[in-house]
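**Student:** quick one, what's the 3D model for this:
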Amino acid sequence: MREPILAKILRYIIYAAAFMPLIIFSQFISPFHFGKVVVFRSIVELMVVGYLLLLWQDRSYRPKTNIIFWALLAFVAAFSVTTLASIQPYASFWGTLERMGGLWTFFHYFLFFIIATAVLRKQEHWETFLTCTIATAILSALYGFGQKTNISFFIGSGGRERIFGTIGNAALFAGYEIVNIFLALTLLLRPNNSQFKKIVYGTGVVLGSLAVTMTVVRGSLLGLGAGLLMFSLWYFLKTNSRKAKLVLLSLATVASLFVVILITPLKDASFIGNSKFLRRVTDTSFESFTAKTRFWAWQAGLKGWSESPRRILLGWGPENFNIPFSKYFNPKFFTGYGAETLFDRAHNMFVEVLVTMGLIGFITYVGIFFFSFRALRTIRHAQTDNYIYTIGLSSLIVAYAIHNAFIFDTSANLLVFFTILGFIAFLLMRGKDRDITASPQPVRINPALRFIVGSLLAITALVLIYRTNIIPSKANYASTRGIIAGWANDFSGAVVKFTEAMNYNVPGRYEIRHRFGQYLLEYSGAKQQTPEVESAVKLAIDEITKNRDENPADYLPLLYLSRLNINLGRGDAKSPYNDIALQHSLRALEISPTFIRTFYEIGQGYLNKKDYESAIKYFKQAAELNPEVGLSYWYWGIVEITRGNPDKGLRVINMALDRGYAPSESDYLNLAQQYVARKDYQALADIYERLVKLNPKNSEYYTSLAVAYANLGRVDDALAMARKAVTIDPSLLPSAQEFARELGREL
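**Tutor:** Residues are numbered from 1 along each chain as shown. You can find the predicted model right below:
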């Protein structure tokens, strides 16, 4: 019986889906993830309609069940149960705008797996699909190489040190390429390849390996190296190939040299220090700040996981790693403004799944890897030429598991991993035959009824696509128009576009509301309050209050609400906005008791109320949480001075400077006034020495420094600074000459 036309259409859609990792929505928030996911979900939703109609036509296309299918189904079931039990089910179901994860999206990968394993019945079908997958990885690698140039076509170009291809993150890109490298290597070493396929697969191995190397992601390089060693050793033992022996010896030599460098003084050699690449890959110290943050994040997550039997079994809910992370936040994360203090992922998929999905998620997740190995072992015994698949795909899984111990999965990575699982399932099902043969099982149905049902299904899919993919895309795009309007100082235009984006009220609204709040915090903090600005701030408060209500375990909306109210209450100690701000920030402190930024918000709220004692209390507590952060001491010292205790305030401020706090020009000028009042000219000279370094073209700073030097008796230095001031501003010459005469000198 001839293949149904629907099966052919579905097959070509599957081939097209292989190119999804190349999609970039450059004008959207999360340009490297958002577009990929909404396009993929739309494709799968249309595929489901076609697949249901195909099943109605021929039941031989029923889902193919095997241990890979059951392993994935078990994980999907665990994903679903933990979403229902989640501390924030909405976030678990829809995911975030940045990562585009969640149960809803994961369902689509599972459906794609079901349809692919049912429709791709022949070896040639899978070869075409896998070749498209490898070709996509090659194109993504080439795009990454373009990021090393100054060609504006490549997003992220400009001589980038670490490339990220079309995936948007160096580590995620490395993981994506690793899977394709081993897939390409496996297919390359099969017998009877055409010359074209040899070129494609060989190119995939070479360019993919080069791309992973250029990401300089240590965990990924470790995974790639371990996988290649495993592959070459196993291949040599199986085939006794001279080439495999040479590759194995080469890899073993490189690995040995690397170990020697790590454990000997060679690590400090100049050729290592002069190379950014070698310096980074040989930095395996657990004392590096990056390594520490990973361990701190894992510790926080595991503390949250072990908090109660419920969390141990069911976790906190998918997409909710930030909740236990915040609850058990390590204050050492905070090193000042700009520090990375919010981990929405564990940067370790095994820890991520354990913390967010509990034991039932962890066991089923590890089960995917375990049963994949079991399937590959079965495949090896089914047919003699299957050994290359067992060797290659086993090495792939090991390399990917090592990589995933240092990062997490997103859209492109999941697509290619599900593709590999689908191929393993095909190899398992075909047994000794090259294809999956099944006798057609046609279904007799009234054509009119088929047309009506098909039309209803198509309409349902289109409505679903519009509601869950197109409208969120419109909201995302509108929010970026608001961001761009803000950059152009078009306040009214920014508010209009952000309002439009928020009014769509679709998944992703959490981030959109916060983007609006962030814009207004920056704008209202730097501008004088006007009725228009105040109205926009109140709108942001209303919207972010929705985030607070929808995410009661999340401290971040509370901090936004606190700061927005602080801006409204600024300048009026009796303003009710200050009390509202404190209500929010104190509640945030209950959720995350060690998050230092919260102490700053509380302190600022009390400052607005001119309650200096309470403000000092919270700034001091912030300093005690992490004594190495100079900013906490700076705030504390300024409040001490403000409340009329300059001696103690200046001592505390010196503690801030000793800890590396770098004040702004305005900070220094305010501090200088205190030293002028105290006639502390040495401290004043120190302040203006810092200011002339910050702004060497400001003549007033040189003039003030000259006066300070003069009061210290440093006449030559005072005259030198006066001359510098005149050089910058010649109109100061008469006053500079008078200054010199007062010192008994000539300018």
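**Student:** pull the longest helix from this protein.
**Tutor:** helix 349-382 (DSSP state H).
**Student:** contacts for the next helix or strand after that helix next, please.
**Tutor:** Next helix or strand after helix 349-382 toward the C-terminus (DSSP states H and E): helix 387-404. Applying CB atoms under 8 Å, 6 or more residues apart in numbering, the external contacts of helix 387-404 come out as 174-175, 178-179, 182-183, 185-187, 189-190, 219-220, 222-224, 226-228, 230-231, 234-235, 238, 348-350, 369, 372-373, 376-377, 379-380, 417, 420, 423-424, 427. From N, CA and C alone the C-beta is placed, and that goes for glycine too.
**Student:** could you do stretch 543-553 as well?
**Tutor:** 87-88, 90-91, 320, 323, 502, 509-510, 513-514, 516-517, 554, 556-558, 560-561, 564, 584, 591.
**Student:** 7 Å - rerun?
**Tutor:** Contact with stretch 543-553 is made by 87-88, 90-91, 323, 502, 510, 513-514, 516-517, 557-558, 560-561, 591, as judged by CB atoms under 7 Å, 6 or more residues apart in numbering.
**Student:** mind saving the C-alpha coords of it as PDB?
**Tutor:** What follows is stretch 543-553, C-alpha atoms only, in PDB (Å, rounded to 0.1, in the frame of the first residue of the first chain):
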ATOM      1  CA  GLU A 543       0.900  45.700  37.600                       C
ATOM      2  CA  ILE A 544       3.800  44.400  39.800                       C
ATOM      3  CA  THR A 545       1.200  43.900  42.700                       C
ATOM      4  CA  LYS A 546      -0.200  41.300  40.300                       C
ATOM      5  CA  ASN A 547       3.200  39.600  40.200                       C
ATOM      6  CA  ARG A 548       3.300  39.600  43.900                       C
ATOM      7  CA  ASP A 549      -0.100  38.000  44.200                       C
ATOM      8  CA  GLU A 550       0.600  35.400  41.500                       C
ATOM      9  CA  ASN A 551       4.000  34.600  43.000                       C
ATOM     10  CA  PRO A 552       3.600  34.800  46.800                       C
ATOM     11  CA  ALA A 553       6.900  32.900  47.500                       C
END
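**Student:** farthest pair within the contacts of stretch 543-553?
**Tutor:** Pairwise distances across the contacts of stretch 543-553 peak at 25.1 Å for Ile87 and Phe516 (criterion: CB to CB).
**Student:** between those two, which has more neighbouring residues?
**Tutor:** Comparing Ile87 with Phe516 by neighbour count (other CB atoms under 10 Å), the higher total belongs to Phe516, at 27 against 20.
**Student:** phi, psi for that one please.
**Tutor:** The phi/psi pair for Phe516 (degrees, to the nearest 10) reads phi -60, psi -50.
**Student:** show me the shaky parts of this structure.
**Tutor:** 1, 266, 268, 271, 273-275, 278, 284-287, 381-385, 431-441, 526-528 (pLDDT under 70).
**Student:** tell me the domain boundaries of it?
**Tutor:** 5-217+285-430, 679-747 (automatic domain parsing).
**Student:** and of these, who's closest to Trp636?
**Tutor:** domain 5-217+285-430 (14.5 Å).
**Student:** got a quick ChimeraX command for the buried subset of the contacts of helix 387-404?
**Tutor:** Buried residues among the contacts of helix 387-404 (16 or more other CB atoms under 10 Å), as a ChimeraX selection:
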select :174,175,178,179,182,183,185,186,187,189,219,220,222,223,224,226,227,228,230,231,234,235,348,349,350,369,372,376,379,380,417,420,423,424,427
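**Student:** taking the contacts of helix 387-404 one by one, which sit in helices?
**Tutor:** Short answer: those in helices (DSSP H) are 174-175, 178-179, 182-183, 185-187, 219-220, 222-224, 226-228, 230-231, 234-235, 238, 349-350, 369, 372-373, 376-377, 379-380, 417, 420, 423-424, 427.
**Student:** quick revisit: check which helices and strands the longest helix of the chain sits against.
**Tutor:** helix 67-84, helix 289-305, helix 309-314, helix 387-404, helix 411-430 (3 or more CB pairs under 7 Å, 6 or more residues apart in numbering; DSSP states H and E).
**Student:** redo these as JSON lines? Include distance to Ile638.
**Tutor:** What follows is the helices and strands packed on helix 349-382, written out as JSON lines (distance: least, CB to CB, whole Å):
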{"stretch": "helix 67-84", "distance to Ile638": "47"}
{"stretch": "helix 289-305", "distance to Ile638": "28"}
{"stretch": "helix 309-314", "distance to Ile638": "41"}
{"stretch": "helix 387-404", "distance to Ile638": "46"}
{"stretch": "helix 411-430", "distance to Ile638": "46"}
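**Student:** returning to what we had before: what's the most buried one of the domains of the chain?
**Tutor:** Most buried of those, by mean neighbour count (mean count of other CB atoms under 10 Å): domain 5-217+285-430, with a mean of 20.
**Student:** returning to that earlier point: wait, which of the contacts of stretch 543-553 is closest to Val48?
**Tutor:** For the contacts of stretch 543-553, the nearest to Val48 is Tyr90 (23.6 Å; CB to CB).
**Student:** from Arg513, how far off is the spatially closest residue to that closest one that is not a sequence neighbour?
**Tutor:** Counting by CB to CB, 6 or more residues apart in numbering, Tyr90 lies nearest to Glu550, which is 6.1 Å off, once chain neighbours are set aside. Distance, Glu550 to Arg513, by CB to CB, to the nearest Å: 10 Å.
**Student:** and Gly144, by the same measure?
**Tutor:** 34 Å.
**Student:** out of the contacts of stretch 543-553, who's nearest Ile459?
**Tutor:** Looking across the contacts of stretch 543-553 and measuring by CB to CB, the closest to Ile459 is Tyr90, at 26.7 Å.
**Student:** and the helix or strand in which the closest one is found, what does it pack onto?
**Tutor:** Assigned by DSSP H and E, Tyr90 falls within helix 89-94. Applying 3+ CB pairs under 7 Å, 6+ apart, we find helix 89-94 packed against helix 67-84, helix 103-119.
**Student:** name the residues that touch it?
**Tutor:** Against helix 89-94 from outside (CB under 7 Å, 6+ apart): 83, 86, 102-104, 317-320, 507, 550-551.
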